[in-house]
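Asker: sequence below, structure please.
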Amino acid sequence: MGKGNVVPFKVEHLKQMDIKELEKRFIDPEAYKIMEGEHSCTLLVDGVPIICAGIVLITTGVGEVWTITDKLADRYPVLLHKTVLQLLKKLDDLGFHRLQSICSMWGNTPKWLEKLGFEYEGNMRQFGPNKEDYCLYGRIK
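Answerer: As a prediction, the model looks like this:
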């Protein structure tokens with residue numbers, strides 16, 4: 001297993017990643033420039049970006065959590081989980097009382113969100129670019 005290192009998120013990390021297919025169609029790296037800052041990070045394994053994660057402030061105390069994963073992320077499930085838990089703890093310490101995340105209904109993301117303490121709140125009908133349904137998860141402090 002490689003050595004993990006958490007660093008501040010930079011758009012360049014996205015450009016270095018082989019992003020998973022379900023996420024790739026939504027990603028315009030330049031649009032993520034505004035995500036650079038203290039509330040986002042990248043997990044590097046042996047210098048390679050594996051996951052980028054952060055939060056978008058919605059209103060006081062409420063934020064939308066986002067993650068973008070490389071295809072290699074599945075090789076490091078424990079490291080990935082610990083990194084996101086650290087980010088969530090930091091956000092809790094900053095006074096966020098509600099975190100939410102939107103995810104597709106396919107794959108492992110819904111189960112992973114539940115392991116991170118999020119609860120299913122409902123379907124978001126025709127949310128995807130091809131009118132796919134998505135799920136909303138929330139985590140209340």
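Asker: what is the burial count for the closest residue to residue 126 other than its chain neighbours?
Answerer: Leaving aside its sequence neighbours, residue 126 sits nearest to residue 133 (CB to CB, 6 or more residues apart in numbering; 6.7 Å). The C-beta positions use only the backbone N, C-alpha and C, and glycine is treated the same way. A count of neighbours around residue 133, defined by other CB atoms under 10 Å, yields 12.
Asker: give me the pLDDT for residue 133.
Answerer: For residue 133, the model assigns a pLDDT of 91.
Asker: now residue 26
Answerer: For residue 26, the pLDDT comes out at 69.
Asker: which one's the longest strand in this structure?
Answerer: The residue-count maximum for a strand in the chain (DSSP state E) belongs to strand 48-59.
Asker: list the buried ones in it?
Answerer: Of all the residues in strand 48-59, those buried under the rule 16 or more other CB atoms under 10 Å are 49, 50, 51, 52, 53, 54, 55.
Asker: the fifth one touches residue 88, doesn't it?
Answerer: The reference is to residue 53. No - in this structure residue 53 lies outside contact range of residue 88 using CB atoms under 8 Å: 9.3 Å.
Asker: what residues do the two have in common as contacts?
Answerer: Counting by CB atoms under 8 Å, 6 or more residues apart in numbering, the shared contacts of residue 53 and residue 88 are residue 65.
Asker: tell me where this protein has strands.
Answerer: 4-8, 40-45, 48-59, 62-69, 98-104, 119-124, 134-140.
Asker: and for residue 32, the neighbour number?
Answerer: 19.
Asker: again with residue 75
Answerer: Neighbour number of residue 75 under other CB under 10 Å is 13.
Asker: ok, now residue 110?
Answerer: Residue 110: 17 surrounding residues under other CB under 10 Å.
Asker: hmm, which helix or strand of this structure has the shakiest average pLDDT?
Answerer: Sorted by mean pLDDT, DSSP states H and E, the helices and strands of the chain end with helix 21-24, the least confident at a mean of 72.
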